[in-house]
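S.K.: Mind looking at a prediction? Sequence and model below.
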Amino acid sequence: MKTNKLLLFFTLLLFLLFNNLSFAGWEAVISIIGKDMGGQFKKDIKLGIGADEILLSAPPSPPQFSCNIFMPDENWKNRLITNIQKKGLDSYLWIIAANAKGNVGPITDAVSHIKWNSSDFEKNKFELRQGWDGQGEIIISDMSAASELEIVGGNYDQYFTLVMK
């Protein structure tokens with residue numbers, strides 16, 4: 001009887017250790033690239049799912065930039081450059097703010113490109129939606145089937161939501 005309890009204990013311990021170690025997590029980098037007009041014209045953000053939540057604040061915008069990208073935190077008080085959400089949630093979504101024009105050059109709309117490695121999105125289905133609440137129009141129904149989104153706009157933030165289905 002004592003041997004069975006000991007065996008059960010070690011089996012459970014190994015299961016818990018293996019289960020936590022076997023989850024390597026998931027991460028992806030999304031970049032924005034604008035026209036090189038002096039100052040920042042490319043910026044990356046990192047998002048994913050991991051054993052622990054990791055939130056890293058973005059540095060302040062540089063004095064001159066022709067595009068920008070960040071993720072607001074859940075209270076909309078901080079701009080994040082990294083948002084790794086903890087494994088085990090019922091659903092996952094990331095709000096992405098992109099500025100296509102920045103503060104350099106003529107006062108007209110500009111074109112920037114949001115890019116990602118499509119293979120980073122192959123394990124699960126990810127949709128990119130318009131807006132900040134995850135309910136907007138689907139812009140990209142499968143992030144693994146595309147690797148770029150062209151955006152046009154002025155010096156203001158456009159919001160998108162990446163939703164894991």
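M.R.: Now that the structure is in, tell me what you want to look at. Numbering: from 1, shown residues only.
S.K.: for stretch 146-161, which positions count as buried?
M.R.: The neighbour-count check on stretch 146-161 (16 or more other C-beta atoms under 10 Å) flags 147, 149, 151, 153, 155, 157, 158, 160, 161 as buried. Heads up, the C-betas are built off the backbone N, CA and C, glycines and all.
S.K.: Tell me the secondary structure at the last one.
M.R.: Yep, that's residue 161 we're talking about. strand (DSSP: H, G, I helix; E, B strand; the rest coil).
S.K.: And the pLDDT at it?
M.R.: Residue 161 carries a pLDDT score of 98 in this model.
S.K.: One more: the first one?
M.R.: According to the predicted model, the pLDDT of residue 147 comes to 98.
S.K.: So residue 97 is in contact with residue 156, correct?
M.R.: No. Between residue 97 and residue 156 there is no contact under C-beta atoms under 8 Å: 9.6 Å.
S.K.: How about residue 40: which residues does it bridge to?
M.R.: residue 65 (DSSP bridges).
S.K.: Contacts only, for it.
M.R.: Going by C-beta atoms under 8 Å, 6 or more residues apart in numbering, residue 40 touches 61, 62, 64, 65, 66, 67, 68, 102.
S.K.: Give the full set of residues in contact with the closest residue to residue 130 other than its chain neighbours.
M.R.: Nearest residue to residue 130, sequence neighbours excluded (C-beta to C-beta, 6 or more residues apart in numbering): residue 136, at 3.6 Å. By C-beta under 8 Å, 6+ apart, the contact list for residue 136 reads 129, 130, 161.
S.K.: Of the contacts of residue 40 - the most surrounded one?
M.R.: residue 67 (29 neighbours; other C-beta atoms under 10 Å).
S.K.: Could you measure from the spatially most central residue of the chain over to residue 138?
M.R.: Taking C-alpha atoms, centre = their mean as the criterion, residue 47 is the residue nearest the geometric centre of the chain, at 3.4 Å. Per C-beta to C-beta, to the nearest Å, residue 47 is found 18 Å from residue 138.
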